[in-house]
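# below is the sequence, then the predicted model.
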Amino acid sequence: MSEIKIIQGDITTMKADAIVNAANKSLLGGGGVDGAIHAAAGSQLLEECKTLHGCDTGEAKITRGYNLPAKYVIHTVGPIYRFHTPDEDAKLLAACYRNSLNLAKAHNLHSIIFSSISTGVYGYPAKDAAKVAFETVRTWLDENSAYEMNVTMCAFEQGMYQIFQDELDK
Ligand code: AR6
């Protein structure tokens, strides 16, 4: 039976089939959770990312996890908030979650931990982003009910954890 869980902490320390990185279009690293994942995974991650030739907003690509406890990293590129209409932002953010889950399933993975895509440097309001994230994951789990997928939403800070808790209780 698939389920959604929430957790607070540093995603680079967490064990799962895959963790999801909030990357940028270059896929060549950056700050925030992206920087932390590259630092913890080691330089082989960057070498593999160089072979992927970037990634469009809303899309996702997969690499190995190298020195991370996670086996794989799924790199997705969230929308930069206000670069689009609010509707388009929500659609692009939903696509990040959906495409990451599709990619995990295509690789026969059964546990995935998401960072909170776009809610840092990219400026997506945390509550709105969490609503999109939970709705999209719940819909995906419903549509893929024959496939076991354990989804964890990772909050780095207490405030985000509380927002996740509120979404979980809905
Ligand atoms: N573990 C889990 N979550 C984290 C961690 C961590 N170690 N560090 C930060 N967060 P951001 P974005 C949370 O800015 O908004 C990068 O430079 C953070 O609190 O990392 O999608 C990329 O290269 C926030 O809730 O990603 C891109 O250029 C969430 O992760 C750009 O930032 C996302 O914040 C992407 O911006």
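Now that the structure is in, tell me what you want to look at. Numbers count the residues shown, from 1 in each chain.

# in this structure, which spans are strands?
With DSSP state E applied, the chain shows strands at 3-8, 18-23, 60-64, 72-77, 111-114, 150-155, listed in chain order.

# show me what the last one is packed against.
Pointing back at strand 150-155 there. Applying 3 or more CB pairs under 8 Å, 6 or more residues apart in numbering; DSSP states H and E, one finds that strand 150-155 contacts strand 3-8, strand 111-114, helix 126-143, helix 158-168. No exception for glycine: its C-beta is placed from N, CA and C like everyone else's.

# switch to 7 Å and redo it
Other helices and strands packing on strand 150-155, by 3 or more CB pairs under 7 Å, 6 or more residues apart in numbering; DSSP states H and E, are strand 3-8, strand 111-114, helix 158-168.

# ok now it, how far from the chain's centre?
Put simply, strand 150-155 sits 9 Å off its chain's centre (CA atoms, centre = their mean, to the nearest Å).

# over to the first one?
Distance of strand 3-8 from its chain centroid, counting by CA atoms, centre = their mean, is 13 Å.

# let the chain start at 57 from now.
All right, first residue 57 from here; so that's strand 59-64.

# now it: average pLDDT?
Strand 59-64 carries an average pLDDT of 94.

# now do it: everything it contacts.
193, 206, 207, 208, 209, 210, 211, 214, 217, 220, 221, 224 (CB atoms under 7 Å, 6 or more residues apart in numbering).

# same question for the fourth one.
Under the criterion CB under 7 Å, 6+ apart, residues 73-77, 79-81, 83, 93, 97, 101, 111-113, 115-121, 152, 155-156, 159-160, 163, 165, 173 lie in contact with strand 128-133.
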